[in-house]
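Enquirer: kindly generate the corresponding structure for this input.
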Amino acid sequence: MTDLEHIRFEIPAIGEHRPVMIIGAGGIVEGAHLPAYQLAGIAVAGIFDLDVSRAERVAARFNIPRVYHSLPELVAGNTAGGVYDIAVPGSRLHSVLSQLPDRSFVLMQKPMGENLEQAEQILALCRHKQMIAGVNFQLRYAPYIVMARQMMAAGMLGDICDLEVYVNVYTPWHLWDFLKGAERVEILYHSIHYIDLIRALLGGPQGIFAKSARHPNMQELAAVKSNIIMDYGDFMRVHISTNHVHEYGPDRQDAFIKIEGTRGAVKIKLGLLMNYPQGTEDAFEYILMDEAEGTWRRLPVNGSWFPHAFIGTMHELIKAQQGEVAVPGNSVEDCIHTMRLVESAYRC
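Expert: This next block holds a predicted model:
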């Protein structure tokens, strides 16, 4: 049997770094950013939120030494020049970025604006202010994706010819009040992760085709179901299918990413999405046709999408700040292409 001991996810060694300054203390910061930083030993020096009491509660929970009462106060307090971790709605990103110093290191929560026009404005602002800026498209850094990429890089799967993302779950959209009345929901706030991941794995597609649908039991929301096809030519099928309103109990919920090549395949169970927010166990299964048994096997997964993938997005900015890389892998220059694909999906 093939030796797969090297196929694994390990929390990266961060090393000495300037402490992070967080803008926004919402659920994603409390549930993913800060737990990830604790796991990786990423220092946080301060936090600001319009709701000061919330910022104080989050700071107490995660031992953040300073709560700031305004954005200018936080900027003035960033004397060490740490990365600004911005976790605000996409519509507010440009305003926040405009108040940060030139040449800042910035990690902004996805999406990069609520539409392509906003995304292009954010890109232009980052260029004008000479910022080293990245976007928190974190699925590409999830432990099981790291493992799949290791197998692909080693040629273990052969030529990739099929990639499928399937999601049939019940997502409690009411947890995110800002989505009520929003013009775009499913692709912009969920399937955007898969579009970005596929770009990271396969490069840019020749085209994208999509159809989204609303649900009669969620009249206050835009589309919550989507079918997306990404065109990679005649020898590859790439498909995303999502239904977030499977209201019939967790037993028939399912969520996976399947990558097939000419020599093997990987199937990743996205346990986080099932029975959300409690979630279920993830699973990493694979089959390699050059093994005599030719059977599906499992590898252990050391971590999950939340919070472990959030280590990767911040680590990219820290590496750039340390001079290890010139540009973070999740830079705005890269992630603008994801936003352009999202816009094309809505327009096609």
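Enquirer: domains of this protein?
Expert: Domain assignment for the chain by automatic domain parsing gives 20-137+309-331, 140-299.
Enquirer: nearest to residue 8, out of those domains?
Expert: When the domains of the chain are ranked by distance to residue 8, counting by CB to CB, first place goes to domain 140-299 at 6.5 Å. All C-beta spots, glycine's among them, are computed from the backbone N, C-alpha and C.
Enquirer: assumed residue 162 was part of a strand.
Expert: Yes - judged by DSSP: H, G, I helix; E, B strand; the rest coil, residue 162 forms part of a strand.
Enquirer: identify the residues contacting it.
Expert: Applying CB atoms under 8 Å, 6 or more residues apart in numbering, one finds that residue 162 lies in contact with 236, 237, 238, 258, 259, 260.
Enquirer: would you map the helices across this protein?
Expert: In the chain, the helices defined using DSSP state H lie at 27-28, 34-40, 52-62, 71-77, 93-98, 116-128, 143-153, 186, 192-202, 309-322, 332-347.
Enquirer: distance to residue 19, mean neighbour count and mean pLDDT added to those helices, as JSON lines?
Expert: Converted to JSON lines, those look like this (distance: least, CB to CB, whole Å; neighbours: other CB atoms under 10 Å; pLDDT from 0 to 100):
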{"stretch": "helix 27-28", "distance to residue 19": "20", "mean neighbour count": "14", "mean pLDDT": "94"}
{"stretch": "helix 34-40", "distance to residue 19": "10", "mean neighbour count": "20", "mean pLDDT": "98"}
{"stretch": "helix 52-62", "distance to residue 19": "13", "mean neighbour count": "16", "mean pLDDT": "98"}
{"stretch": "helix 71-77", "distance to residue 19": "11", "mean neighbour count": "15", "mean pLDDT": "98"}
{"stretch": "helix 93-98", "distance to residue 19": "19", "mean neighbour count": "17", "mean pLDDT": "98"}
{"stretch": "helix 116-128", "distance to residue 19": "22", "mean neighbour count": "17", "mean pLDDT": "98"}
{"stretch": "helix 143-153", "distance to residue 19": "25", "mean neighbour count": "20", "mean pLDDT": "98"}
{"stretch": "helix 186", "distance to residue 19": "36", "mean neighbour count": "26", "mean pLDDT": "97"}
{"stretch": "helix 192-202", "distance to residue 19": "28", "mean neighbour count": "22", "mean pLDDT": "98"}
{"stretch": "helix 309-322", "distance to residue 19": "10", "mean neighbour count": "24", "mean pLDDT": "98"}
{"stretch": "helix 332-347", "distance to residue 19": "23", "mean neighbour count": "20", "mean pLDDT": "98"}
